[in-house]
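**Q** For reference, the sequence and a predicted model appear below.
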Amino acid sequence: MKTPCHDMNKFIFTAAALLFTCAAFAQEDAETIAATPRQLEARAARMTANAEELLATGDTVRGVAMLESVFRMFPETQARFKAHLALGRHRLVASQFNEALATLRFADAAESEDVRAESMMLQAKAHRGLNRPGEAAALLRRVTPR
(Lines give C-alpha, C1' and ligand atoms only; values in the text may rest on other atoms or scores of the structure.)
Protein backbone atom coordinates (compact mmCIF):
# COMPACT_ATOMS: atom_id res chain seq x y z
CA MET A 1 0.00 0.00 0.00
CA LYS A 2 1.36 3.36 -1.00
CA THR A 3 1.41 6.10 1.53
CA PRO A 4 1.51 9.84 0.86
CA CYS A 5 5.03 9.80 2.27
CA HIS A 6 6.10 7.21 -0.34
CA ASP A 7 4.73 9.37 -3.16
CA MET A 8 6.48 12.44 -1.75
CA ASN A 9 9.82 10.57 -1.56
CA LYS A 10 9.39 9.42 -5.15
CA PHE A 11 8.62 13.00 -6.22
CA ILE A 12 11.66 14.39 -4.38
CA PHE A 13 13.93 11.72 -5.90
CA THR A 14 12.64 12.45 -9.42
CA ALA A 15 13.00 16.20 -8.94
CA ALA A 16 16.57 15.79 -7.66
CA ALA A 17 17.49 13.60 -10.64
CA LEU A 18 15.99 16.15 -13.02
CA LEU A 19 17.83 19.00 -11.32
CA PHE A 20 21.13 17.09 -11.50
CA THR A 21 20.62 16.39 -15.23
CA CYS A 22 19.81 20.03 -15.96
CA ALA A 23 22.89 21.17 -14.05
CA ALA A 24 25.09 18.77 -16.05
CA PHE A 25 23.68 20.07 -19.34
CA ALA A 26 24.10 23.67 -18.20
CA GLN A 27 27.75 23.02 -17.34
CA GLU A 28 28.34 21.33 -20.72
CA ASP A 29 26.69 24.25 -22.53
CA ALA A 30 28.81 26.75 -20.59
CA GLU A 31 31.97 24.83 -21.51
CA THR A 32 30.91 24.75 -25.16
CA ILE A 33 30.20 28.50 -25.20
CA ALA A 34 33.57 29.30 -23.63
CA ALA A 35 35.52 27.03 -26.02
CA THR A 36 37.60 28.33 -28.90
CA PRO A 37 36.69 27.38 -32.48
CA ARG A 38 39.62 24.94 -32.60
CA GLN A 39 38.40 23.26 -29.40
CA LEU A 40 34.89 23.01 -30.80
CA GLU A 41 36.22 21.40 -34.00
CA ALA A 42 38.20 18.90 -31.92
CA ARG A 43 35.20 18.05 -29.74
CA ALA A 44 32.94 17.59 -32.75
CA ALA A 45 35.52 15.38 -34.48
CA ARG A 46 36.03 13.30 -31.32
CA MET A 47 32.30 12.91 -30.83
CA THR A 48 31.87 11.87 -34.49
CA ALA A 49 34.65 9.28 -34.15
CA ASN A 50 33.04 7.89 -30.99
CA ALA A 51 29.67 7.69 -32.73
CA GLU A 52 31.20 5.87 -35.71
CA GLU A 53 32.76 3.39 -33.30
CA LEU A 54 29.36 2.80 -31.70
CA LEU A 55 27.83 2.20 -35.13
CA ALA A 56 30.65 -0.21 -36.03
CA THR A 57 30.04 -2.24 -32.87
CA GLY A 58 26.31 -2.45 -33.56
CA ASP A 59 25.03 0.10 -31.06
CA THR A 60 23.06 1.95 -33.71
CA VAL A 61 20.62 3.76 -31.45
CA ARG A 62 23.36 5.45 -29.42
CA GLY A 63 25.56 6.00 -32.47
CA VAL A 64 22.81 7.73 -34.46
CA ALA A 65 21.79 9.80 -31.43
CA MET A 66 25.39 10.91 -30.91
CA LEU A 67 25.80 11.90 -34.58
CA GLU A 68 22.58 13.90 -34.43
CA SER A 69 23.89 15.58 -31.27
CA VAL A 70 26.97 16.73 -33.19
CA PHE A 71 24.74 18.69 -35.60
CA ARG A 72 22.88 20.31 -32.73
CA MET A 73 25.81 21.00 -30.41
CA PHE A 74 28.36 22.18 -32.99
CA PRO A 75 26.37 23.93 -35.73
CA GLU A 76 29.20 26.25 -36.76
CA THR A 77 31.98 23.66 -37.13
CA GLN A 78 33.27 22.04 -40.28
CA ALA A 79 33.58 18.74 -38.39
CA ARG A 80 29.80 18.43 -38.31
CA PHE A 81 29.86 17.67 -42.03
CA LYS A 82 31.81 14.49 -41.34
CA ALA A 83 29.05 13.54 -38.92
CA HIS A 84 26.55 14.06 -41.75
CA LEU A 85 28.66 11.77 -43.93
CA ALA A 86 28.83 9.11 -41.22
CA LEU A 87 25.08 9.19 -40.64
CA GLY A 88 24.44 9.15 -44.39
CA ARG A 89 26.71 6.10 -44.78
CA HIS A 90 24.88 4.33 -41.96
CA ARG A 91 21.51 5.06 -43.54
CA LEU A 92 22.72 3.81 -46.93
CA VAL A 93 23.80 0.51 -45.39
CA ALA A 94 20.39 0.29 -43.72
CA SER A 95 18.71 0.94 -47.12
CA GLN A 96 17.14 4.15 -45.82
CA PHE A 97 17.86 5.95 -49.08
CA ASN A 98 15.57 8.98 -48.69
CA GLU A 99 16.85 9.64 -45.17
CA ALA A 100 20.42 9.23 -46.40
CA LEU A 101 19.86 11.81 -49.14
CA ALA A 102 18.34 14.27 -46.68
CA THR A 103 21.33 13.87 -44.36
CA LEU A 104 24.01 13.94 -47.04
CA ARG A 105 22.75 17.13 -48.69
CA PHE A 106 23.88 19.07 -45.63
CA ALA A 107 27.49 18.07 -46.37
CA ASP A 108 27.34 19.89 -49.71
CA ALA A 109 28.01 23.11 -47.78
CA ALA A 110 31.37 21.90 -46.42
CA GLU A 111 34.52 23.88 -47.19
CA SER A 112 36.50 20.70 -47.86
CA GLU A 113 36.36 19.47 -51.45
CA ASP A 114 36.93 15.92 -50.24
CA VAL A 115 33.90 16.05 -47.96
CA ARG A 116 31.72 17.51 -50.73
CA ALA A 117 32.94 14.89 -53.20
CA GLU A 118 32.26 12.04 -50.79
CA SER A 119 28.83 13.47 -50.10
CA MET A 120 28.01 13.52 -53.80
CA MET A 121 29.31 9.96 -54.25
CA LEU A 122 27.14 8.74 -51.38
CA GLN A 123 24.16 10.67 -52.72
CA ALA A 124 24.69 8.96 -56.09
CA LYS A 125 24.58 5.58 -54.30
CA ALA A 126 21.32 6.58 -52.63
CA HIS A 127 19.83 7.61 -55.96
CA ARG A 128 20.89 4.26 -57.43
CA GLY A 129 19.19 2.55 -54.50
CA LEU A 130 16.02 4.49 -55.30
CA ASN A 131 16.33 3.42 -58.95
CA ARG A 132 17.11 6.94 -60.19
CA PRO A 133 20.13 6.40 -62.44
CA GLY A 134 19.82 9.82 -64.09
CA GLU A 135 20.27 11.70 -60.82
CA ALA A 136 23.09 9.37 -59.82
CA ALA A 137 24.92 9.98 -63.12
CA ALA A 138 24.49 13.75 -62.81
CA LEU A 139 26.09 13.72 -59.35
CA LEU A 140 28.94 11.51 -60.48
CA ARG A 141 29.67 13.86 -63.40
CA ARG A 142 30.05 16.70 -60.89
CA VAL A 143 32.54 14.66 -58.86
CA THR A 144 34.80 13.31 -61.58
CA PRO A 145 37.19 15.75 -63.27
CA ARG A 146 37.03 16.18 -67.02
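**A** Looks like it arrived, so ask away.

**Q** Domain map for this structure?
**A** The record's domain parsing of the chain by automatic domain parsing lists 1-34, 36-143.

**Q** And what about residue 63, helix, strand or coil?
**A** Here residue 63 is helix, with the state taken from DSSP: H, G, I helix; E, B strand; the rest coil.

**Q** do residue 141 as well
**A** helix.

**Q** Can you flag the weakest of the domains of the chain by average pLDDT?
**A** Ranked by mean pLDDT, those end with domain 1-34 at the bottom, a mean of 58.

**Q** List the buried residues for stretch 49-69?
**A** Buried positions in stretch 49-69, judged by neighbour count with 16 or more other C-beta atoms under 10 Å: 51, 52, 54, 55, 63, 64, 66, 67. Placement of C-beta: from N, CA and C, glycine included.

**Q** Kindly report the same for stretch 85-94.
**A** Within stretch 85-94, the residues that qualify as buried by neighbour count (16+ other C-beta under 10 Å) are 85, 86, 87, 88, 89, 90, 91, 92.

**Q** what do you get for stretch 73-87?
**A** Neighbour-count burial for stretch 73-87 [16+ other C-beta under 10 Å]: 73-74, 77-87.

**Q** Pick the one among those closest to residue 45.
**A** residue 79 (4.4 Å; C-beta to C-beta).

**Q** which residues does the residue nearest to the spatial centre of the chain contact?
**A** Centroid check for the chain by C-alpha atoms, centre = their mean gives residue 67 as the closest residue, at 2.3 Å. Residue 67 is in contact with 48, 51, 83, 86, 87, 90, counting by C-beta atoms under 8 Å, 6 or more residues apart in numbering.

**Q** so who does the nearest residue in space to the last one that is not next to it in sequence touch?
**A** Distances taken as C-beta to C-beta, 6 or more residues apart in numbering put residue 55 closest to residue 90, at 5.4 Å, once the chain neighbours are dropped. Contacts here follow C-beta under 8 Å, 6+ apart; on that basis residue 55 touches 63, 64, 86, 90.

**Q** do residue 70 as well
**A** Counting by C-beta under 8 Å, 6+ apart, residue 70 makes contact with 44, 47, 48, 51, 79, 80, 83.

**Q** As TSV, these with distance to residue 99 and secondary structure would be great.
**A** Shown next, in TSV, are the contacts of residue 70 (distance: C-beta to C-beta, whole Å; DSSP: H, G, I helix; E, B strand; the rest coil):
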residue	distance to residue 99	secondary structure
44	21	helix
47	21	helix
48	18	helix
51	16	helix
79	21	helix
80	17	helix
83	15	helix
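
**Q** Fine by me, we can end here.
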